[in-house]
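Engineer: could you work out the structure for the sequence below:
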Amino acid sequence: MRQQLTLLFSLIFVFMQATALAQPDKMITNRDNYFWQFGLAWTTTDDDGQELNPMPFEQLHGLPFPSRLYVDRYIYNGWSAEGVLGAQTYKPERKVNDSIGVNGFIGYFDAALKYSFYKQLGRGAIDPYLGAGLGFSLRSADPKQSAPLLTPTVNLSAGCTFWLSKQIGLQAQGVYKFGLVDILGSSSYTQYSLGLVYRIEKTDGYKSDFHKPKYKLPRKPSRIKIEKSTDES
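Structural biologist: Prediction:
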């Protein structure tokens, strides 16, 4: 238990350090930004009830097709907000909270605040990040399932996006979800994901409607000619 708490506080400390590095600066440009990111990923779930002791690979629950959807909205200077929706089925022959033969699924909705180190690494192909947020997990009501049906969670995540082009990247992530019903108990679990992400960039030189030609006033003032009248004698 002491080792588990040490690891937990270490993760919190790392995230706090990332927050300290993320102070706003005045040198930010539109090239540092993007509008949105959208992603689709394959996931595996470690839900054996001992998530701080990683389960062997052959005991992970997974699906052969993508089951995690996520959208990311850029905020400012490396910070972004992410929303996730996904589901994962259990394999009866594998452990779920130290039980065998658990059927059904686990669904989840998560929201997180993320900080990317993309700028610090020179805006290259490697884009690591840390995240923290809240979520809800919904499990099927199997009699062998010892975790509650609905569980709020606190999530800590770490991941990296490897940009294959300006818009498309390969993203790998791990997230630990602390169930708030029983901390470090049956409601907590770990998820790993690997998927593709598409980025919509923000371009430089944006002009508002008031800069369009139809709103511009003539640069040179027009001259009004006044004809001189001659008095007849």
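Engineer: could you use CA atoms for every contact and neighbour count after this?
Structural biologist: Will do.
Engineer: helix or strand with the lowest mean pLDDT in the chain?
Structural biologist: Comparing every helix and strand of the chain by mean pLDDT, DSSP states H and E singles out helix 2-21 as the least confident one, with a mean of 44.
Engineer: tell me the buried residues in whichever strand or helix holds residue 84?
Structural biologist: Residue 84 is located in strand 79-89, with elements delineated by DSSP states H and E. By neighbour count, with 16 or more other CA atoms under 10 Å as the criterion, the buried positions of strand 79-89 are 79, 80, 81, 82, 83, 84, 86, 87, 88, 89.
Engineer: helices and strands around that strand, which ones?
Structural biologist: Helices and strands in packing contact with strand 79-89 are listed as strand 34-46, strand 61-62, strand 68-76, strand 105-116; criterion 3 or more CA pairs under 8 Å, 6 or more residues apart in numbering; DSSP states H and E.
Engineer: hmm, who's touching stretch 82-91?
Structural biologist: Contacts of stretch 82-91 with the rest of the structure, by CA atoms under 8 Å, 6 or more residues apart in numbering, involve 43-45, 61-63, 67-73, 96, 101-114.
Engineer: tell me how many other residues surround the nearest residue to residue 163 once chain neighbours are set aside.
Structural biologist: Counting by CA to CA, 6 or more residues apart in numbering, residue 163 lies nearest to residue 169, which is 4.0 Å off, once chain neighbours are set aside. The number of residues packed near residue 169 is 21, by other CA atoms under 10 Å.
Engineer: for the helix or strand hosting residue 169, which helices and strands make contact with it?
Structural biologist: Take DSSP H and E as the rule and residue 169 turns out to sit in strand 168-179. Packed against strand 168-179, as judged by 3+ CA pairs under 8 Å, 6+ apart, are the following elements: strand 150-163, strand 189-201.
Engineer: so which of these is nearest residue 181?
Structural biologist: strand 150-163 (6.5 Å; CA to CA).
Engineer: below-threshold pLDDT in this structure: ranges please.
Structural biologist: Under the criterion of pLDDT under 70, the regions of the chain flagged as low confidence span 1-32, 50-53, 55, 203-233.
Engineer: who's the residue nearest in space to the middle of the chain bridged to?
Structural biologist: By CA atoms, centre = their mean, the mean C-alpha position of the chain lies nearest to residue 82, the distance being 3.8 Å. Legend: beta-bridge partners of residue 82 under DSSP bridges are residue 72, residue 112.
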